[in-house]
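# output the structure for:
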Amino acid sequence: MNYTVIWLVAFIVPLGFGVWAQWKVKSTFKRYSKVPTSTGITGAQAAQAVLSATGLEGLSIHQVEGSLTDHYNPGNRTLNLSADVGQAATVAGVGVAAHEAGHAIQDAQGYRPMRIRQTLVPVANVGSSLWFFPLIIGFIFSLSGLVTIGLVLFSAIVLFQLVTLPVEFDASRRALASIESQGLLTADEFGGAQTVLRAAALTYVAALVASVAQLIYFVLLSRR
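Residues are numbered from 1 along each chain as shown. Purely as a prediction, here's the structure:
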């Protein structure tokens, strides 16, 4: 078995996919950040409209620093939006803000994949911090026990990323359905928001592909 070829497939190809996915989401967001909403609705207002449509009241919306740093925090039930999303009356801003509101709705409604992902967060954090050391030391000194520990820790990361996919896809589905039903964007603008969220989803797919490919490589390497 040619492990050099396997290494190239497992690392270089996913890396290229990941770089492309990051470029895609940034360029798409930039493009639709230049498209104003015809109604003048901002991202924060759109998020509030999505939340209100499902009966969620009193959820705090905060501004955070950076670009594309938007997220929902289930710990304190806050929606955190960057300035170019929350304060911007653009198609990109509305799409991203509504997506984050979708996560808040998932949390309130007890969406199972989100609950599973939240449960996996501590395990995934430990795995991402520690998997490298036992795996590499195990390979160097031929210690199968350490290699197994490393593989288990790395598998926790893969599992977390796998569960993340339905959570992200469902949040976008909820966001787009609410935007469309409430008429927050025109038909053309709606298509732009859909494009932005599809591009964002590619980053999660790319991360999972990279991790799965690397896990397969390490498993094959451990069985030489």
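# got the buried residues for the host helix or strand of Ser181?
Assigned by DSSP states H and E, Ser181 falls within helix 144-182. Buried positions in helix 144-182, judged by neighbour count with 16 or more other CB atoms under 10 Å: 146-147, 149-151, 153-172, 174-176, 178-179. Heads up, the C-betas are built off the backbone N, CA and C, glycines and all.
# check stretch 71-82 too.
With burial defined by 16+ other CB under 10 Å, the residues of stretch 71-82 counted as buried are 72-74, 78-82.
# pick the one among these closest to Glu189.
Using CB to CB, Leu81 is the member of those that lies nearest Glu189, at 18.5 Å.
# enumerate every residue touching that closest one.
43-44, 47, 61-64, 70, 87, 96-97, 100 (CB atoms under 8 Å, 6 or more residues apart in numbering).
# what part of the chain, helix or strand, is modelled with the least confidence?
Between all helices and strands in the chain, the lowest mean by mean pLDDT, DSSP states H and E belongs to helix 3-7, at a mean of 77.
# give me the helices and strands touching that one, please.
With contacts taken as 3 or more CB pairs under 8 Å, 6 or more residues apart in numbering; DSSP states H and E, helix 3-7 sits against helix 187-222.
# let me know the angle separating the helix it packs on from helix 144-182.
Counting by axes from the mean of the first three to the mean of the last three CA atoms, to 10 degrees, helix 187-222 lies at 170 degrees to helix 144-182.
# got the contact list for Ala207?
Per CB under 8 Å, 6+ apart, neighbours of Ala207: 18, 161.
# next one: stretch 129-138 to chain centre, how far?
How far stretch 129-138 lies from its chain's middle: 25 Å, per CA atoms, centre = their mean, to the nearest Å.
# which helices and strands does the helix or strand following the least confident helix or strand of the chain pack with?
Tracing the chain past helix 3-7, the next element assigned as helix or strand by DSSP H and E is helix 13-32. Secondary-structure packing of helix 13-32 (3+ CB pairs under 8 Å, 6+ apart): helix 91-108, helix 187-222.
# list the buried residues for the very next helix or strand once past helix 13-32?
Next along the chain after helix 13-32, taking DSSP H and E as the criterion, comes helix 43-53. By neighbour count with 16+ other CB under 10 Å, helix 43-53 contains the buried residues 43-51, 53.
# ok, now stretch 53-65?
Of all the residues in stretch 53-65, those buried under the rule 16+ other CB under 10 Å are 53, 56, 59, 61, 64.
# can you give me the end-to-end distance of it?
28 Å (CA to CA, to the nearest Å).
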